[in-house]
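Enquirer: Quick one, fold the following:
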Amino acid sequence: MTVIVVSGTGTEIGKTVTTAAVAALALAAGRSVAVLKPAQTGVAPGEPGDAEEVTRLAGDKVTTLELARFPEPLAPNTAARRAGMAQVRPFEVAEAAGKLAAGHDLVLIEGAGGLLVHYDDEGATLADAARILTAPVLVAAPAGLGTLNATALTAEALRARDLTPLGVTVGSWPTAPDLASRCNLADLPKAAGAPLLGAIPEGAGTLTPSDFRARAGGWLGPDLGGTWDSAAFTAAEAPAAREG
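Expert: Next up, the predicted model:
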């Protein structure tokens, strides 16, 4: 895979640390990596955004490109409109990704919020860019209650657009997972119709960059370059059967 779109079932669920972990493993394997952020919202000029956070965690060999930055933490189309700035179009995302792919082994496109967040006032989404690129989509999801419905809806939206869900990662696996989180490990692949490809521990983004890179392989499965074992992790975290 040359281009992977990293989307999610919502916002603040671990897309950036997932992107950074995938990038770190690809770099460790000797691959050249670029990260494309079509629209960064809620960050002022000069402040580090998601692309810079990926570089900090994964390493400065990552090439990053941000197509647009809007100051208010809103959906990209709304943030652009309120700022009086040009909106990001799907063909622009696809064109930028294509240029990056010409010079890199792997291009990761990190979306804003969930899959169907609007990038322009015509209703274009990250899924439209993925469709132009015919790129697989890696879905980052939360661990707890409600994630199965959101994951199933995201997967359904992908398939309705003839897109392939590459798999699901838990973007922030709790230090002390509750019952719903533990049960969801077995059910997330069913909801997505795609494999569970990793579980990033809560607080991974606060690790030192060297620790992050050293540990990333234990968070992601072989399909993403790591050694994490979905079946073993799920079995270890599974709750005991209820008696009576």
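
Enquirer: Can you pull the poorly scored residue ranges out of the chain?
Expert: For the chain, residues meeting the criterion pLDDT under 70 lie at 1, 241, 243-244.

Enquirer: please redo it, this time with the cut-off set to 80
Expert: 1, 240-244 (pLDDT under 80).

Enquirer: Could I get the full set of strands for it?
Expert: Under the criterion DSSP state E, the chain carries strands at the ranges 3-8, 33-37, 40-41, 63-66, 69-70, 106-110, 137-141, 165-173, 196-201.

Enquirer: For the last one, what is the distance to the chain centroid?
Expert: From the chain centre to the centre of strand 196-201 is a distance of 11 Å (C-alpha atoms, centre = their mean, to the nearest Å).

Enquirer: same deal with the fourth one?
Expert: Relative to the centre of its chain, strand 63-66 is centred 16 Å away, using C-alpha atoms, centre = their mean.

Enquirer: Please export the C-alpha coordinates of it as PDB.
Expert: Only the C-alpha atoms of strand 63-66 are listed here, as PDB (Å, rounded to 0.1, in the frame of the first residue of the first chain):
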ATOM      1  CA  THR A  63       7.800  14.500   5.300                       C
ATOM      2  CA  THR A  64       4.700  16.500   6.300                       C
ATOM      3  CA  LEU A  65       2.300  18.600   4.300                       C
ATOM      4  CA  GLU A  66      -0.600  20.600   5.600                       C
END
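
Enquirer: before we move on, the earlier item: would you tell me which of the strands of the chain gets closest to residue 230?
Expert: Evaluated with C-beta to C-beta, those place strand 196-201 nearest to residue 230, the distance being 4.7 Å. Where C-beta positions appear, they are placed from N, C-alpha and C, glycine not excepted.

Enquirer: now the strands of the chain as CSV including distance to residue 122?
Expert: Below are the strands of the chain laid out as CSV (distance: least, C-beta to C-beta, whole Å):
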stretch, distance to residue 122
strand 3-8, 19
strand 33-37, 21
strand 40-41, 18
strand 63-66, 22
strand 69-70, 17
strand 106-110, 20
strand 137-141, 21
strand 165-173, 25
strand 196-201, 32
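
Enquirer: what comes up buried for stretch 147-159?
Expert: Neighbour counts over stretch 147-159 (16 or more other C-beta atoms under 10 Å) mark 147-148, 150-152, 154-155, 157-158 as buried.
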